[in-house]
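Peer 1: structure, please.
(2 chains)
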Amino acid sequence: MTINGKAYIAGAYEHPTRKAVGKSLAQLHAEVAKGALDDAGLTKDDVDGYFCAGDAPGLGGLSMADYMGLKLRHMDNTETGGSSYVVHVGHAAEAIAAGKCKVALITLAGRPRAEGMSTGTAPRNYGIDAPDVAFEFPYAPTIVNMYAMCAKRHMYEFGTTSEQLAWIKVAASHHAQHNPNAMLRNVVTVEEVVNSPMIADPLHRLDCCVISDGGGALVVVAPEIAAKLNRPKIKILGAGEAPKHQMGGRIDLTYSAAAASGPAAFAEAGIKPSDIKYVSIYDSFTVTVLIQLEDLGFCAKGDGGKFVSDGNLISGVGKLPFNTDGGGLCNNHPGNRGGMTKVIEAVRQLRGEAHPAVQVANCNLALAHGTGGSLGTRHAAGTLIMERV
Amino acid sequence: MSELRKIPAPHVEEETRAYWDGVDAGKLLLKFCRSCNSAHHYPRSICPHCGSDDTYFTETSGRASIYSFSILRVAPIPYAIAYVTLEGTDVTMMTNIINCDFDALEVGQPVKACFVETEGDGPVVPMFEPA
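Peer 2: Numbering: from 1, shown residues only, chains lettered A, B, ... in the order given. Have a look, this model is predicted:
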């Protein structure tokens, strides 16, 4: 069975907040759900499938179905960290193709900023039952120093430079200047990135994404529902998902799970990387983008540094416009989980609803890619390919 | 030379007790599988490579080379996290590099195991220092 052509993205909504003081987590989920359903021209009573991940409060889908008053016949709480919502779109298409639901709602929300969370620089203890914790937590792995080790190894093997990584932030900042909701709207230069304070060698402060509150939601529907709605039709062509871990100690930090999820998505979609007009690429750090672009086949392994340089990712300038909302690097990273906003901006591009200054001309094919967990230890990737029809 | 932060004690399961007893005795042990004749880390009762439960611990030389590393400059006490590849094996493990000049560390640099006290009554943990 394939999901190619079996489902459409009919609704998308990004919460405008970046610091959600005074709002509960459940409230944020419900606000983004309402936003996406309004965008699609549907109501909560049309929803018969619901998808959420570990950011949802309480018992996840059950708690949120209760809060929002959803009457469901399909529910999926797949948790792959920040890539969950990219994976959910594929799962929603599968459920629709199998006749398990017709209107699938996917929500994300989080408030790490309001809670004062040290997202990237404090070691996270996933609990004594996590089998890796005894062998890792004493060494204080954090999000940033683990991604830094990926960057360091990539530099060692392929000669990648900090200046090349900086071009990724520069491109994101060029896009963010046009987004009134973006946290960082100033255009930055390569020099400003490499001269910003060192956080964890070789990653500087401006190699890192923002920490923000907020969220987003998507509505995925069956073809007969999409046909009745007064919205551009965004067809799902293919989806891939894959975990990558330490393989019992055979560690290779130079590639990500995108090397598996990407080819699976392209095979299902029946297209190749050079057909893609716009990409949303998970950007927890600059190096995250570089490794994933290579793994997805937009350039050869090791050539990512050259590929991202000289504005090649800037809309209207380069060959592969990326993250035209400013991405996690400049716009937002709601709940420390960037997969949802990756899909939302790809939908905007395909609809022709991105900011005019960054809208890609004739954008009929787009890819959204997410990574959850840590590239430095264990993570899961989701790749989604969509077409405007 | 680097100041050392407080090291949280690892939680010891029966499955991994021999490993921690080893480091307490100043030995870095590695789990091997008789069925596929390969090593893995962190140690499991069932081999993650082939699925066999015929696994056993063996002592390593304690020598390794740095696969990658990073200094968390913004930590209250900056420290070097690293992955090191154990000599004569295809196993790379997470660790800290200590007793070193952070700015002189390099990928590929030879290092050797040392053993560091943790908080409370927990076992010592293996770390590495320049060889």
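
Peer 1: how about residues contacting stretch A:252-261?
Peer 2: A:149-150, A:153-154, A:157-158, A:240-244, A:291-292, A:294-296, A:301-302, A:369, A:371, A:375-376, A:379-383, B:67-68, B:83 (Cβ atoms under 8 Å, 6 or more residues apart in numbering or on different chains). For every residue, glycine as well, the C-beta is placed using N, CA and C.

Peer 1: among these, which ones are buried?
Peer 2: By neighbour count, with 16 or more other Cβ atoms under 10 Å in any protein chain shown, the contacts of stretch A:252-261 hold A:149-150, A:153-154, A:158, A:240-242, A:244, A:291-292, A:294-296, A:369, A:371, A:375-376, A:379-383, B:67-68, B:83 as buried.

Peer 1: filter the residues you listed down to the ones in strands?
Peer 2: A:240-242, A:244, A:369, A:371, A:379-383, B:67-68, B:83 (DSSP state E).

Peer 1: name the nearest of those relative to A:Ile251.
Peer 2: Nearest to A:Ile251, judged by Cβ to Cβ, of those is B:Tyr83 at 5.8 Å.

Peer 1: tell me the bridge partners for that closest one.
Peer 2: Applying DSSP bridges to B:Tyr83 yields these beta-bridge partners: B:Ser68, B:Met94.

Peer 1: for it, what are its contacts?
Peer 2: So B:Tyr83 contacts A:Met149, A:Ile251, A:Leu253, B:Ile66, B:Tyr67, B:Ser68, B:Phe69, B:Thr92, B:Met93, B:Met94, B:Thr95 (Cβ under 8 Å, 6+ apart).

Peer 1: quick one: A:Gly49 and A:Ala98 touch, right?
Peer 2: No - contact between A:Gly49 and A:Ala98 fails when scored by Cβ atoms under 8 Å: they sit 10.7 Å apart.

Peer 1: all helices of chain A, in order?
Peer 2: With DSSP state H applied, chain A shows helices at A:25-40, A:61-68, A:84-97, A:133-136, A:143-158, A:162-176, A:190-194, A:223-228, A:258-269, A:286-295, A:304-308, A:339-351, listed in chain order.

Peer 1: count of neighbours near the closest residue to chain B within the stretch 251-389 of chain A?
Peer 2: Closest to chain B within the stretch 251-389 of chain A is A:Ile251: 4.1 Å, counting by Cβ to the nearest Cβ. Counted with other Cβ atoms under 10 Å in any protein chain shown, residues neighbouring A:Ile251 total 22.

Peer 1: so how far is A:Ile143 from it?
Peer 2: Going from A:Ile251 to A:Ile143 by Cβ to Cβ, to the nearest Å gives 17 Å.

Peer 1: pLDDT of stretch A:209-226, averaged?
Peer 2: Mean pLDDT, computed over stretch A:209-226, is 97.

Peer 1: in it, which residues are buried?
Peer 2: A:209-222, A:225-226.

Peer 1: and stretch B:108-121, by the same measure?
Peer 2: Counting neighbours by 16+ other Cβ under 10 Å, stretch B:108-121 gives B:Gln109, B:Val111, B:Ala113, B:Cys114, B:Phe115, B:Val116 as buried.

Peer 1: pLDDT for the residues you listed - can I get that in CSV?
Peer 2: Converted to CSV, the buried residues of stretch B:108-121 look like this (pLDDT from 0 to 100):
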residue, pLDDT
B:Gln109, 98
B:Val111, 98
B:Ala113, 98
B:Cys114, 98
B:Phe115, 97
B:Val116, 96
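
Peer 1: closest to A:Arg351 out of those?
Peer 2: Nearest member of the buried residues of stretch B:108-121 to A:Arg351, counting by Cβ to Cβ, is B:Gln109, at 51.9 Å.

Peer 1: list the residues that contact that closest one.
Peer 2: Contact analysis of B:Gln109 by Cβ under 8 Å, 6+ apart lists B:Ser65, B:Ile66, B:Pro130.

Peer 1: looking at it, A:Val103 is touching A:Val219, isn't it?
Peer 2: Yes - in this structure, A:Val103 is within contact of A:Val219 by Cβ under 8 Å, at 6.6 Å.

Peer 1: overlap in contacts of the two?
Peer 2: Between them, A:Val103 and A:Val219 share the contacting residues A:Leu42, A:Val47, judged by Cβ under 8 Å, 6+ apart.

Peer 1: for the stretch 201-350 of chain A, what lies in contact range of chain B?
Peer 2: A:Asp201, A:Pro202, A:Leu203, A:Gln246, A:Met247, A:Gly248, A:Gly249, A:Arg250, A:Ile251, A:Leu253 (Cβ under 8 Å from any Cβ of the partner chain).

Peer 1: the first one contacts A:Met149, correct?
Peer 2: Put plainly, it is A:Asp201. No - assessed by Cβ under 8 Å, A:Asp201 is found out of contact with A:Met149, at 9.5 Å.

Peer 1: any idea how far A:Leu313 is from the closest residue to A:Ser315 other than its chain neighbours?
Peer 2: Spatial nearest neighbour of A:Ser315, chain neighbours left out: A:Pro321 (3.7 Å); criterion: Cβ to Cβ, 6 or more residues apart in numbering or on different chains. For A:Pro321, the distance to A:Leu313 equals 7 Å [Cβ to Cβ].
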